[in-house]
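In: quick check, what structure comes out for this input:
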Amino acid sequence: MKLIQHYNKALDGILLILYCSFIYWLSDQSSLSSPLSFPHQDKVMHLGAYFILAAFTARAFRHFQLSIPLWLLASLFFSSLYGASDEWHQSFVIGRSSDVYDWIADTTGAALCLLSLYMLQKYRLK
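Out: Numbers count the residues shown, from 1 in each chain. Alright, predicted model coming up:
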């Protein structure tokens, strides 16, 4: 049983690192070819990407034996901080720019994911 727990812990950490690397790689591209179908589509894409990041983060952080509120806050802090670092990274990439509204969309997506997880946990405990 302990071996399976260690395997799950390692797998969750690896998945988080891989997803963070994927976001980094996307941010390192001088342009992303995705035609805009509606205004502010990029904000929706940021929201979705960081919703997923928060899910991976919550999975990895669940192994730290934290209370549920602290687990969710730590996951939100990590996701938001990664979003801020991603925006900073983009400021150095030719053809890209840093935008505080992208970071707000990142943090909002993470918060929505974690709020959903909190509601699921609350529902399961009833």
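
In: do you know the pLDDT at Tyr7?
Out: Note on Tyr7: pLDDT of 88.

In: how close does it get to Gly13?
Out: As judged by C-beta to C-beta, to the nearest Å, Tyr7 and Gly13 stand 11 Å apart. Yep, even glycine has a C-beta here, placed from its N, CA and C like the rest.

In: neighbour count: these two, which is higher?
Out: When Tyr7 and Gly13 are compared on other C-beta atoms under 10 Å, the one with more neighbours turns out to be Gly13, at 15 against 10.

In: nearest spatial neighbour of the more buried one, skipping sequence neighbours?
Out: Using C-beta to C-beta, 6 or more residues apart in numbering and skipping residues adjacent in sequence, the residue nearest Gly13 is Ala60, 5.2 Å away.

In: what number of residues lie near that neighbour?
Out: Count around Ala60 with other C-beta under 10 Å applied: 21.

In: distance check, it against His46.
Out: Counting by C-beta to C-beta, the gap from Ala60 to His46 is 21 Å.

In: got the contact list for stretch 79-98?
Out: 20, 23-24, 27-31, 46, 50, 53-54, 57, 99-100, 102-103, 106-107, 110, 114 (C-beta atoms under 8 Å, 6 or more residues apart in numbering).

In: okay, and which of these map to strands?
Out: For the contacts of stretch 79-98, not one is inside strands, with DSSP state E as the criterion.

In: filter the residues you listed down to just the buried residues.
Out: 20, 23, 27, 46, 50, 53-54, 57, 102-103, 106-107, 110, 114 (16 or more other C-beta atoms under 10 Å).

In: need the max-distance pair from those residues.
Out: Within these, Ser27 and Leu114 form the most distant pair, 22.1 Å apart (C-beta to C-beta).

In: contacting residues around the residue nearest to Gly13?
Out: Contact analysis of Ala60 by C-beta under 8 Å, 6+ apart lists Asp12, Gly13, Leu15, Leu16.

In: count of neighbours near the first one?
Out: Looking back up the chat, that one is Asp12. Asp12 has 18 nearby residues by other C-beta under 10 Å.

In: now it: how far from Tyr19?
Out: 11 Å.

In: now do the shared contacts for these two.
Out: Common neighbours of Asp12 and Tyr19 (C-beta under 8 Å, 6+ apart) are Phe56.
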